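Peer 1: Quick one, structure for this:
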Amino acid sequence: MSINNLLLLLLVASLTACTSGKRPDQPSTTGSADTGTASISENERNNYRNAITALNNNKLDLAENILKEILNERKDLAGPWANLGLVYLKKNDITQATKALQQALLLNPNQPYALNLMGLIEYNQGNVQKATEYYAAAVANKPDYANAHYNLALVYDIFYQDIPKAVEHYKQYMELTKHEDKETGMWLEQLASSLKTN
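Peer 2: Take a look at the predicted model:
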């Protein structure tokens, strides 16, 4: 399965995705990173918004160029590095994505979006344990990050067959997305039901 098939939706900073029709075996990458903790000027903020808009509209070259311009001036911001990593992921350039995401995590080890994306990379490379660690760190640093809960539920469900933990994180995901993902909701009901019968 390609990275592009796994990328479902991009949102600005603190917005949580409300996707439907997602299969229970697809990790979610939703979420773009905020700029980090450093203060930024109004001009930098506008440029960053333009980059996110381009990213959301799948104008990857434009997003990449704007993010690189921002980073030429402000290499200290974790958010643009994380979003540059997302651009590279969408372009299926795993090497560059990894470098950008590692830079984001060097600047802010608690950057939940970079953690989630690194989890996705590890997941796609078959490193499920490392992916789980990244997803768990993303949830620990941003408990309301719905898609990190979804990804964590997925690995507990599919790979570890730890159904109680999977149910816990699927429930968090469903609550955070206001139960809009009907397919996952039905899957959660089946899992919860299997717990009751065991």
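Peer 1: and stretch 71-83, C-alpha only, in PDB?
Peer 2: C-alpha atoms of stretch 71-83 as PDB (Å, rounded to 0.1, in the frame of the first residue of the first chain):
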ATOM      1  CA  LEU A  71      13.000  27.400   7.100                       C
ATOM      2  CA  ASN A  72      15.700  29.400   5.400                       C
ATOM      3  CA  GLU A  73      14.900  32.200   7.800                       C
ATOM      4  CA  ARG A  74      13.700  30.200  10.800                       C
ATOM      5  CA  LYS A  75      15.300  26.800  11.100                       C
ATOM      6  CA  ASP A  76      14.300  26.800  14.800                       C
ATOM      7  CA  LEU A  77      10.600  26.100  14.100                       C
ATOM      8  CA  ALA A  78       9.500  22.400  14.500                       C
ATOM      9  CA  GLY A  79       6.200  22.800  12.700                       C
ATOM     10  CA  PRO A  80       7.500  23.700   9.200                       C
ATOM     11  CA  TRP A  81       9.900  20.800   9.500                       C
ATOM     12  CA  ALA A  82       7.100  18.400  10.300                       C
ATOM     13  CA  ASN A  83       5.000  19.700   7.400                       C
END
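Peer 1: Next, the buried residues of it.
Peer 2: For stretch 71-83, the neighbour count (16 or more other Cβ atoms under 10 Å) marks 71, 74, 77, 78, 79, 80, 81, 82, 83 as buried. From N, CA and C alone the C-beta is placed, and that goes for glycine too.
Peer 1: ok, now stretch 109-116?
Peer 2: For stretch 109-116, a neighbour-count test (16+ other Cβ under 10 Å) marks 111, 112, 113, 114, 115, 116 as buried.
Peer 1: Show me where the protein dips below the pLDDT cut-off.
Peer 2: Within the chain, the stretches with pLDDT under 70 are 1-38, 198.
Peer 1: Please tabulate the buried residues of stretch 109-116 in CSV and include distance to residue 136 and secondary structure as additional columns.
Peer 2: Formatted as CSV, the buried residues of stretch 109-116 follow (distance: Cβ to Cβ, whole Å; DSSP: H, G, I helix; E, B strand; the rest coil):
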residue, distance to residue 136, secondary structure
111, 15, coil
112, 11, helix
113, 15, helix
114, 14, helix
115, 9, helix
116, 11, helix
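Peer 1: Show me which of those residues is closest to residue 99.
Peer 2: residue 114 (11.7 Å; Cβ to Cβ).
Peer 1: what ranges do the helices span in this structure?
Peer 2: Applying DSSP state H to the chain gives helices spanning 3-6, 42-56, 60-73, 78-90, 94-107, 112-124, 128-141, 146-154, 163-176, 182-197.
Peer 1: quick check: angle from the last one to helix 163-176?
Peer 2: Looking back up the chat, that one is helix 182-197. 140 degrees (axes from the mean of the first three to the mean of the last three Cα atoms, to 10 degrees).
Peer 1: quick one: buried residues of helix 182-197?
Peer 2: 184, 185, 187, 188, 191.
Peer 1: quick one: that helix to chain centroid distance?
Peer 2: Distance of helix 182-197 from its chain centroid, counting by Cα atoms, centre = their mean, to the nearest Å, is 24 Å.
Peer 1: Then stretch 105-123?
Peer 2: Mean C-alpha position of stretch 105-123 versus that of the full chain (Cα atoms, centre = their mean) differs by 8 Å.
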